[in-house]
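In: Next come a sequence and a model predicted from it.
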Amino acid sequence: MQNNKLSQNFKQNIIISQKNEITEYHIYKKLSEMTKNAENKKVLFNISKDELEHYDTFKKYSKIEVKPFRFKIFFYIMLAKILGLTFSLKLMEKGEAKAQINYEKIIQSLQESKKIMGDEQKHESELINMISEEKLNYAGSIVLGLNDALVEITSTIAGITFTMQNSKLIATTGLIMGIAASLSMAASEYLSTKTGEEKKSKKNPITALLYTGISYILAVILIVLPYFIFSNVYIALAVMLLTALTIIFLFTFYISVAKDVSFKKRFLEMAGVSMGIAIFTFLIGIVVRTVFGIEI
């Protein structure tokens, strides 16, 4: 009875691994068809062939055909289209790292698993080395735009919230200031990219300008939006701060996956700076209104 149970568990692990391999075969194959970079296309296609070979190896033992996870294929393909090839691949590779635990469960009984684990580790190395994507090349420009908008506009709006006490007026003021600041920041990024040390990089000044300016304006719109929706300025302030934290969380998660950096450290750093300055300027607004008796 015990032997039958072990045999059944072994077969179940084989089927799980088989399903993962055929799913990843379809993902890598579709991604190879999507990408325009010839080298990336070649590497992705070769990896897809390896995954299909792994599937056939497991199939010899399971004796059955296994269908892929259709939703997983759809998810990673859409992720690549929206957030870029790098992010999609890195996120999937993290999942493959977990899959290797399953391989370890059967490696003593299945000699080919050693080769499969070796292939998976090689895949990760190849993926890291092969990827050159515009979104990541200009990540610094996006960080500059987002970070400056989150710190400057969030703190400014927090500061005038207690003084003005009029949500629409606060929103309009923040929007005008934000657009003006985004143009200034984009121009600065253009000049810094075109001259000095940035001139040695592959970044295009116009593209850097657009990434910085657009990311700044989008952040400003999301930050001021609560003041257009809520008439109570304190509710609007709370929602604005929550929105800023959400932006920081999402972008930090993206960068941490795509560039393999610490999520916790970067998130706490950006959130701490943005929220700390916002609270400080809100207190300044209280002092200014109390001392000068300003009320709009």
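Out: Looks like it came in fine.
In: Buried ones in the strand or helix carrying Tyr76, by neighbour count?
Out: Secondary structure from DSSP states H and E places Tyr76 in helix 70-83. Neighbour counts over helix 70-83 (16 or more other C-beta atoms under 10 Å) mark Lys72, Ile73, Tyr76, Ile77, Leu79, Ala80 as buried. Just so you know, the C-beta spots here come from the backbone N, C-alpha and C atoms, and that holds for glycine as well.
In: would TSV of those with pLDDT and distance to Val151 be doable?
Out: Formatted as TSV, these follow (pLDDT from 0 to 100; distance: C-beta to C-beta, whole Å):
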residue	pLDDT	distance to Val151
Lys72	92	38
Ile73	93	40
Tyr76	92	34
Ile77	93	36
Leu79	86	29
Ala80	86	31
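In: Which of the residues you listed sits closest to Ala38?
Out: Nearest to Ala38 out of the buried residues of helix 70-83 is Ala80 (C-beta to C-beta; 17.3 Å).
In: Setting aside sequence-adjacent positions, which residue approaches that closest one most closely?
Out: Excluding its sequence neighbours, the residue lying closest to Ala80 (C-beta to C-beta, 6 or more residues apart in numbering) is Ser88, at 3.8 Å.
In: is it true that Ala236 touches Ser167?
Out: Yes. At 5.3 Å, Ala236 counts as touching Ser167 under the criterion of C-beta atoms under 8 Å.
In: Overlap of the contact sets of the two?
Out: Tyr227, Phe230 (C-beta atoms under 8 Å, 6 or more residues apart in numbering).
In: For Phe263, state which of the buried residues of helix 70-83 is nearest.
Out: Closest approach between the buried residues of helix 70-83 and Phe263, by C-beta to C-beta: Leu79, at 17.3 Å.
In: The worst-scoring helix or strand of the chain on mean pLDDT: what's the following helix or strand?
Out: Lowest on mean pLDDT, DSSP states H and E among the helices and strands of the chain sits helix 134-137, with a mean of 59. Downstream of helix 134-137, the next assigned helix or strand under DSSP H and E is helix 139-164.
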